[in-house]
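> Curious how this folds, go ahead:
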Amino acid sequence: MALRAVLAGVGLGAVALAALTVSTDRPLIPDLVQDKQAEAQRAEAPGACFASGPSGRPGSVVDCAAEHVFELAAALDLGEYPGSAFSSAAYPDQKQIAAWSQQLCEGTVNTYLRGRLDAHGRFRIGALLSSEKAWSSGEHVLRCGLEVPGGSRKLLPSTGRVADQDQSLTYDTGVCVGAEHNMPTDPVDCGQPHAFEVIGQADLAAQFPDRTDAAPPSEDEQNNELKGLCEKAAETYLGDAERLRATTLDVNWTIVKPQSWLVGSRKAVCFLAKHNDQGFAIISGSVKGDVLVDGAKPVAPPKPTRSTAQPIAPPGRPPE
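Below you'll find the predicted structure:
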């Protein structure tokens with residue numbers, strides 16, 4: 001089973017699945033043939049998970065409890081679909097492959113997950129098409145599945161089946177997320193230009209224990225809970241409030257959209273960032289060390305020099 005990875009247009013990153021072939025360097029023995037046949041069958045079964053192969057691409061079938069980069073939802077025999085394009089001897093171009101992926105894989109993956117795919121979560125729909133060699137020999141198969149996109153068209157590992165876990169888009173504490181055109185992209189080394197640095201996570205299931213899938217908390221309700229949680233996370237991450245003030249960065253957080261809450265996503269991320277007219281300011285270096293904001297060392301705002309129990313009248317307005 002030789003496969004060629006394709007950039008499906010519905011997921012980020014091109015992926016490839018290693019060919020399952022039988023070596024001809026030595027005589028075939030029944031056990032070896034049976035092993036290869038069993039491996040090929042596992043690779044066609046919905047729910048099969050594939051470990052990272054060469055260059056981070058999908059390789060051999062593994063238990064889904066282990067790290068893997070692709071979970072198969074279905075292998076579609078395109079020869080069973082009406083239309084000359086599905087059976088043509090000419091290998092499809094990228095535009096045609098992208099159209100098939102959108103038309104066939106989106107519904108297939110949602111059916112596989114029983115309609116519980118978080119479109120705003122960390123998993124994306126991916127597709128694998130038979131290689132040109134396999135296509136020319138009559139194998140016209142589109143394999144639809146789930147993957148976690150990373151930067152530079154790479155895939156990130158995950159563990160467990162998608163249906164059994166929270167799909168929220170989260171990052172580990174200390175991760176810096178890169179920036180392109182002042183908007184967040186993928187995790188990068190904190191020494192590289194980035195949009196924000198993660199300082200913690202929040203489990204909204206604990207904050208809203210009585211809310212069912214059908215009763216998501218509003219944005220205002222989430223903001224009220226996350227403000228205090230993330231401010232505390234920032235002080236814990238940096239050591240104290242003074243260090244936070246010195247960075248000139250703001251405490252930010254994500255919220256769980258109603259569509260995501262309906263399918264079981266409950267995790268939010270706390271992060272430090274600064275916004276400007278273009279979007280996110282560009283940060284270099286970790287906030288725990290020497291950090292630059294838009295290329296300059298941050299200058300903390302002056303501390304208040306006066307405290308009073310009474311409000312201070314605005315300039316030009318007589319005291320009441």
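
> C-alpha from now on. contacts and neighbour counts both.
OK.

> now do the same end-to-end measure for stretch 86-100.
10 Å (Cα to Cα, to the nearest Å).

> Quick one: mean pLDDT for it?
Computed over stretch 86-100, the mean pLDDT rounds to 88.

> tell me the centre residue of the chain?
R122 (2.9 Å; Cα atoms, centre = their mean).

> That one: what's its closest spatial neighbour, skipping adjacent residues?
Of all residues not flanking R122 in the chain, L169 sits nearest, at 4.4 Å (Cα to Cα, 6 or more residues apart in numbering).

> What separation do you get for the one you found and L128?
Taking Cα to Cα, one finds L169 at 23 Å from L128.

> Looking at the two, which one has more neighbours?
L128 (25 against 18; other Cα atoms under 10 Å).

> where does the more buried one land in three-state SS?
strand (DSSP: H, G, I helix; E, B strand; the rest coil).

> before we move on, the earlier item: ok, the residue nearest to the centre of the chain - contacts?
The contact partners of R122, by Cα atoms under 8 Å, 6 or more residues apart in numbering, come to V148, P149, Q167, S168, L169, T170.

> my read is N252 is in a strand, agree?
Yes. The assignment for N252 is a strand, going by three-state DSSP.

> for it, what are its contacts?
N252 neighbours (Cα under 8 Å, 6+ apart): C230, C270, F271, L272, A273.

> between these, which is closest to T108?
Proximity of these to T108 (Cα to Cα) peaks at C270, which lies at 33.7 Å.

> Could you double-check that the closest one lies in contact with A233?
Yes. C270 lies in contact with A233 (Cα atoms under 8 Å); the separation is 7.4 Å.

> Overlap of the contact sets of these two?
With Cα under 8 Å, 6+ apart, C270 and A233 have common neighbours I199, G200.

> got the contact list for the helix or strand where A74 lies?
In this assignment (DSSP states H and E), A74 forms part of strand 70-77. If you take Cα under 8 Å, 6+ apart as the criterion, strand 70-77 is touched by 44-51, 58, 108-109, 112, 140-148, 161.

> out of C270 and A233, which sits in the more crowded spot?
Between C270 and A233, C270 has the larger neighbour count (other Cα under 10 Å), namely 28 against 21.

> Partner strands of the strand or helix carrying the more buried one, with direction?
Assigned by DSSP H and E, C270 belongs to strand 267-273. Using DSSP bridges, strand 267-273 pairs in its sheet with strand 194-203 (antiparallel), strand 250-253 (antiparallel).

> what about the ones you listed, which gets the closest to G295?
It's strand 194-203; of the strands paired with strand 267-273, that one is closest to G295 (Cα to Cα) at 11.5 Å.

> which of the residues in that closest one are buried?
Neighbour-count burial for strand 194-203 flags H194, A195, F196, E197, V198, I199, G200, Q201, A202 (criterion: 16 or more other Cα atoms under 10 Å).

> Return the set of buried residues in the strand holding A74.
F70, E71, L72, A73, A74, A75, L76.

> and the first one, what pLDDT?
Reading off the per-residue confidence, F70 sits at a pLDDT of 94.

> Tell me how far it lies from Q165.
For F70 relative to Q165 (Cα to Cα), the value is 15 Å.

> same question, S131
32 Å.

> Show me which of these two is the more surrounded one.
Applying other Cα under 10 Å to S131 and Q165 shows that S131 carries more neighbours, namely 22 against 11.

> got the phi/psi numbers for that one?
Dihedral pair for S131: phi -70, psi 170, per degrees, to the nearest 10.

> got it, and the one 3 residues further on?
A134 adopts backbone torsions of phi -70, psi -40, taken as degrees, to the nearest 10.

> And it, how close does it get to C105?
For A134, the distance to C105 (Cα to Cα) stands at 20 Å.

> quick one: the helices in the stretch 101-250 of the chain?
106-112, 132-136, 204-207, 219-238, 241-247 (DSSP state H, counting those that start in this stretch).

> Check which helices and strands the last one sits against.
Spelled out, it's helix 241-247. helix 219-238 (3 or more Cα pairs under 8 Å, 6 or more residues apart in numbering; DSSP states H and E).
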